[in-house]
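Student: Any chance you can model this:
(one chain, ligands or ions: 2)
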Amino acid sequence: MKYVSTRGEAPVLGFADVLLAGLAADGGLYVPETWPTLSPETIRGFAGASYPEVAFAVMQPFVGGEIKDADLKRMIAESYATFPHPAVAPLVQIGPRHFCLELFHGPTLAFKDVAMQLIARLMDHVLAERGRRATIVGATSGDTGGAAIAAFAGRARTDLFILFPNGRVSPVQQRQMTTSGADNVYAVAIDGTFDDAQGIVKGMFNDPRFRDRVALSGVNSINWARIMAQIVYYFTSAASLGSPEREVSFTVPTGNFGDIFAGYAATRMGLPVKRLVVATNANDILARCLDTGRYETNGVEATMSPSMDIQVSSNFERLLFEAGGRDAAGVRRMMASLWQSGGFTVPAETLASIRTLFAAGRSGEEDTARTIRRILDDTSYLLDPHTAVGVGVAERHLGDEPMITLSTAHPAKFPEAVKRACGRDASLPVSHEGLMERAEQFDRLPAELSAVQTYVLARSQAAAKGAAA
Ligand SMILES: Cc1ncc(COP(=O)(O)O)c(C=O)c1O
Ligand SMILES: N[C@@H](CCOP(=O)(O)O)C(=O)O
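Tutor: Ligands and ions are numbered 1, 2, ... in the order given. The predicted structure follows:
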């Protein structure tokens with residue numbers, strides 16, 4: 001299996017190189033050269049299989065033989081053993097034909113754990129085989145950072161730098177990032193938004209000298225392996241509701257477009273899906289784009305679903321590449337326009353192709369609070385604000401087929417917002433006992449590429465020297 005960049009000007013790489021590369025050298029994102037497919041019999045068989053069994057069947061074709069099957073199986077088993085729920089990603093019914101897919105049973109109570117637990121093991125494995133270390137940088141609006149820190153803390157071959165927007169993450173999210181106590185972890189509060197932090201991360205990747213000097217790697221969903229691991233739960237949930245005989249739809253609370261792109265990837269692998277519904281909060285650039293064809297940034301608004309307070313949705317580029325017939329030059333033009341003028345127009349044919357599968361909707365703050373209250377009253381089920389955005393939008397897209405809304409975080413990660421919405425206290429599970437009392441350790445930097453590069457360089461070089469001594 002080989003991977004190509006959405007911008008068509010980076011080397012074609014195999015799985016292990018793509019895993020370590022993160023972003024492609026031309027600034028694009030890697031996608032598989034061809035999509036592997038699973039037969040209807042294989043998908044049918046997922047109904048009675050364990051999560052790790054499905055995970056191996058879905059991911060093995062993407063690894064392309066670069067990791068031995070036995071090693072891949074072992075790493076998958078270890079990753080999902082960190083999820084106390086036996087199903088890993090269980091379904092809960094909240095209405096006629098409407099289900100929540102709970103993806104928050106991992107160590108940091110958000111869907112990011114599903115991929116991150118595996119990526120840390122895959123990276124360690126590849127780095128050990130190559131006898132080298134890596135510097136990992138990541139931008140977070142709150143959940144990716146905690147999940148990455150939980151997965152990479154204490155690993156000898158990686159130093160992890162996580163940039164989060166100062167004052168714009170929930171207190172639980174912040175503590176998950178700032179209390180690990182691990183020597184190889186650096187949590188950095190950036191004076192800016194998530195988009196600023198993500199721009200800095202991309203700036204580091206687009207600086208070849210810096211990239212090579214620190215052996216840069218990334219764990220945001222720009223990294224193909226993140227998407228790969230997130231494809232699995234589309235298959236497990238659909239199969240348990242009757243796939244491939246029965247079509248299903250998914251609604252996905254969306255920010256960086258990684259999670260819903262994994263759903264698109266599942267359809268390319270043969271999963272019958274009627275609709276993929278993009279659910280946005282007040283930061284509705286994607287909903288506006290699907291409506292009008294114009295992708296136009298207009299400033300980030302702080303909401304009660306802070307992890308989705310994003311304007312530059314990195315993975316939308318992957319969809320533009322696929323839906324536009326893999327026209328890398330076209331993608332380059334759109335991304336240049338985004339960079340220069342803050343927007344671009346999706347070509348009419350590409351937009352029409354996207355609309356054959358995707359729909360979109362927005363849930364504003366009041367709508368989201370109302371959804372939390374109503375679902376609690378009707379079903380006694382407590383939603384986190386991100387999932388509530390999804391549920392609210394999904395309800396406008398219900399049809400005859402089962403609708404699966406991805407439940408992306410545990411409500412206790414956002415207790416203030418939940419309490420404000422419905423008056424209910426959401427308590428953290430025992431795994432998080434004492435979290436809010438632990439001492440925090442983080443640094444604060446301006447939202448400037450050079451300041452962050454200086455910070456990362458000094459610490460990663462010191463760590464590399466220490467490891468070599
Ligand atoms: C809780 C939660 N829900 C939804 C999202 C949006 O997912 P994506 O960025 O993959 O679109 C995020 C962060 O990205 C998140 O942390
Ligand atoms: N919501 C995310 C933003 C980063 O998204 P990623 O999936 O690209 O890592 C977060 O919580 O950090």
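Student: so residue 246 sits in a helix?
Tutor: No. Remark: residue 246 does not belong to a helix; assigned using DSSP: H, G, I helix; E, B strand; the rest coil, it is coil.
Student: That one reaches residue 274, doesn't it?
Tutor: No. Contact criterion C-beta atoms under 8 Å: residue 246 and residue 274 do not qualify, at 10.0 Å. Every C-beta, even on glycine, is put in place using the N, C-alpha and C of the backbone.
Student: joint contacts of those two?
Tutor: residue 401 (C-beta atoms under 8 Å, 6 or more residues apart in numbering).
Student: between those two, which one's more packed in?
Tutor: Each of residue 246 and residue 274 has its neighbours counted (other C-beta atoms under 10 Å); residue 274 has more, 19 against 13.
Student: count of neighbours near the residue nearest to residue 140 when sequence neighbours are not counted?
Tutor: Nearest residue to residue 140, sequence neighbours excluded (C-beta to C-beta, 6 or more residues apart in numbering): residue 164, at 4.9 Å. Residues near residue 164, counting by other C-beta under 10 Å, number 26.
Student: repeat for residue 267
Tutor: Counted with other C-beta under 10 Å, residue 267 comes out at 17.
Student: could you measure it against residue 15, distance?
Tutor: Per C-beta to C-beta, to the nearest Å, residue 267 is found 21 Å from residue 15.
Student: interface residues of the stretch 151-300 of the chain facing ligand 1?
Tutor: Residues of the stretch 151-300 of the chain lying close to ligand 1 (C-beta under 6 Å from any ligand atom) are 221, 253-259.
Student: Sort out which of those are in strands and list them.
Tutor: Residues of those located in strands (DSSP state E): residue 253.
Student: what would the residues of the stretch 151-300 of the chain next to ligand 1 look like in a markdown table with neighbour count?
Tutor: Shown next, in a markdown table, are these (neighbours: other C-beta atoms under 10 Å):
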| residue | neighbour count |
| --- | --- |
| 221 | 25 |
| 253 | 31 |
| 254 | 32 |
| 255 | 31 |
| 256 | 24 |
| 257 | 23 |
| 258 | 26 |
| 259 | 26 |
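Student: near ligand 2, which residues of the stretch 1-150 of the chain show up?
Tutor: 140-145.
Student: and which of those residues is nearest to residue 72?
Tutor: residue 144 (23.1 Å; C-beta to C-beta).
Student: and the residue nearest to residue 140, helix, strand or coil?
Tutor: Per three-state DSSP, residue 164 ends up strand.
Student: Also the one 5 residues further on?
Tutor: In three-state terms, and counting by three-state DSSP, residue 169 is coil.
Student: check contacts around it.
Tutor: 140-142, 145, 177, 306.
Student: same deal with residue 268?
Tutor: So residue 268 contacts 35, 37, 322 (C-beta under 8 Å, 6+ apart).
Student: can I get the residues of the stretch 1-150 of the chain next to ligand 2 in a markdown table with neighbour count, secondary structure and pLDDT?
Tutor: Output for these, formatted as a markdown table (neighbours: other C-beta atoms under 10 Å; DSSP: H, G, I helix; E, B strand; the rest coil; pLDDT from 0 to 100):
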| residue | neighbour count | secondary structure | pLDDT |
| --- | --- | --- | --- |
| 140 | 28 | coil | 97 |
| 141 | 25 | coil | 94 |
| 142 | 28 | coil | 95 |
| 143 | 29 | helix | 97 |
| 144 | 30 | helix | 97 |
| 145 | 32 | helix | 98 |
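Student: Below-threshold pLDDT in the stretch 251-400 of the chain: ranges please.
Tutor: Regions of the stretch 251-400 of the chain meeting the criterion pLDDT under 70 are absent.
Student: gap between stretch 194-201 and the chain center?
Tutor: 15 Å (C-alpha atoms, centre = their mean, to the nearest Å).
Student: and if you look at stretch 199-217?
Tutor: The answer for stretch 199-217 is 20 Å, by C-alpha atoms, centre = their mean.
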